[in-house]
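> Fold the stuff below for me.
(chains A and B)
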Amino acid sequence: MNNKNKNTSQKQKLFGKILFFILTILSFEVSARPVAYPGGYSLMQHNDYVSNNLHLNYTITGKDTVGLMSEYERNKKFWLNTVQYTRVLQRWNQDDSQGNLYFIGGAGGAEVKDNFKSGGFAGIEADWESRRYYLYYKNSLTKVDGQSTWFRQTARVGVAPYIGGYNDLNTWFMLQLDHTPYMDKNFVATPLIRVFKGEYLAEFGVSTNKTILFNFMTFF
Amino acid sequence: MTNDAGAKRRVICNSFNKKIKLMSSKKISAIFLSLFLIFTSSAFAATEVKVKVKGLVCAFCARNIEKSFLKNPAVEKVKADLDTKTVTIDLKEGQEISDETIKETITDAGYNTVKIER
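Here you go, the predicted structure:
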């Protein structure tokens, strides 16, 4: 009887670990080229000291996407679920570089202390990259009914240690800077490594406030 | 004795001639078959289209081009070369793709078409 209980307990622990792993993986989001190709889907996951985020996007046209975004605000301790719209405002295609400017906005609701509150966000995202260098900036203003409005901005610089080909494993070293005026620590830096091959991209970093950053993105 | 030997010789000659005729007809058939295959294969050979693209710097983002073209039933295979900024499209046998479709697909994937070579 004791053995049976032990086995059940071990199974429950194993199940718990697997569930934790899946939930952890599913709570990450990454921002990289949010607009794919018409009819294509992209799945983005992101996790850092501010939030855990899962975002599924469907590209309608070469410039518009709609998606579902679910974000857990770690500081405010609630989930914000929105329908997100992304629009390419401007694209600069050069011989050896590409730049993009996006509008991002979402509307939905949050569950704050067992009460449903309407909420949403709006912001701007921009990136520029060559095969060697990478620049990125994003800001967003979020509002949930009954809560104060909060602003967040993120910037990144990156360099590729080698020039990767189309089918190679590509590697980037990046430094991310976050500014979150509503939090105790306003500025946080995160050195990170980005790797991608085929349609799979992953990022891993450790922030100055000792928080792990892990992001994943794919499209299909 | 002499008549028997002559008859044998005639039989051998006839059989030899038949073999020669059979071989000739086989050879002719083979030649015709080869020619037919050469002509038909050239008529339906897979076509390669090379597209010079602007903005092709990220291998991850460039997958959008591949995915997008592969949705087109005329397309067999797509390769992108970031060094030469070229996208190579292999079409299925007897299939065609217009310049307009290529340009539209490239633009929708987030890039600009510079030149199309067929």
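
> contacts, neighbours, all on C-alpha from now
OK.

> show me where the chain has strands.
The chain I'm using is chain A. Secondary structure of chain A (DSSP state E): strands at A:41-47, A:51-59, A:64-73, A:78-93, A:98-112, A:115-129, A:133-144, A:150-159, A:170-179, A:187-197, A:200-206, A:212-219.

> looking at chain B here, not the other one
For chain B, the strands defined by DSSP E occupy B:48-54, B:75-81, B:86-91, B:112-117.

> Now residue A:73: closest residue in space that isn't a chain neighbour?
Leaving aside its chain neighbours, residue A:73 sits nearest to residue A:51 (4.7 Å; criterion: Cα to Cα, 6 or more residues apart in numbering or on different chains).

> Just list the residues touching residue A:168, thanks.
Shown in contact with residue A:168 (Cα atoms under 8 Å, 6 or more residues apart in numbering or on different chains): residue A:197.

> Got the domain ranges for chain B?
Domain ranges of chain B: B:1-43, B:48-117, per automatic domain parsing.

> comparing the ones you listed, which gets the lowest mean pLDDT score?
Ranked by mean pLDDT, these bottom out at domain B:1-43, with a mean of 63.

> can you list the residues of chain A near chain B?
Residues of chain A lying close to chain B (Cα under 8 Å from any Cα of the partner chain) are A:33, A:36-38, A:61-63, A:91-98, A:129-131, A:164-167, A:170, A:196-201, A:220.

> hmm, 7 Å instead?
Proximity of chain A to chain B, by Cα under 7 Å from any Cα of the partner chain, involves residues A:33, A:36-38, A:61-62, A:93-98, A:130-131, A:165-166, A:196-199.

> buried subset of the residues you listed?
Among the residues of chain A next to chain B, those that count as buried by neighbour count (16 or more other Cα atoms under 10 Å in any protein chain shown) are A:33, A:36-38, A:61-62, A:93-94, A:96-98, A:130-131, A:165-166, A:196-199.

> can you list the strands of chain A in TSV and add mean pLDDT?
Below are those laid out as TSV (pLDDT from 0 to 100):
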stretch	mean pLDDT
strand A:41-47	93
strand A:51-59	93
strand A:64-73	94
strand A:78-93	95
strand A:98-112	94
strand A:115-129	95
strand A:133-144	96
strand A:150-159	96
strand A:170-179	97
strand A:187-197	97
strand A:200-206	96
strand A:212-219	94
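
> how near is the residue lying closest to residue A:81 once chain neighbours are set aside to residue A:47?
Computed as Cα to Cα, 6+ apart, the closest residue to residue A:81 that is not its neighbour in sequence is residue A:70, at 4.4 Å. Here residue A:70 is placed at a distance of 12 Å from residue A:47 (Cα to Cα, to the nearest Å).

> surely the residue nearest to residue A:81 meets residue A:84?
No: with contact defined as Cα atoms under 7 Å, residue A:70 does not reach residue A:84; the gap is 9.8 Å.

> Share the number of residues neighbouring the nearest residue to residue A:49 once chain neighbours are set aside, please.
Spatially, and ignoring its direct neighbours in sequence, residue A:49 is nearest to residue A:211 (5.7 Å; Cα to Cα, 6+ apart). If you count neighbours by other Cα atoms under 10 Å in any protein chain shown, residue A:211 ends up with 15.
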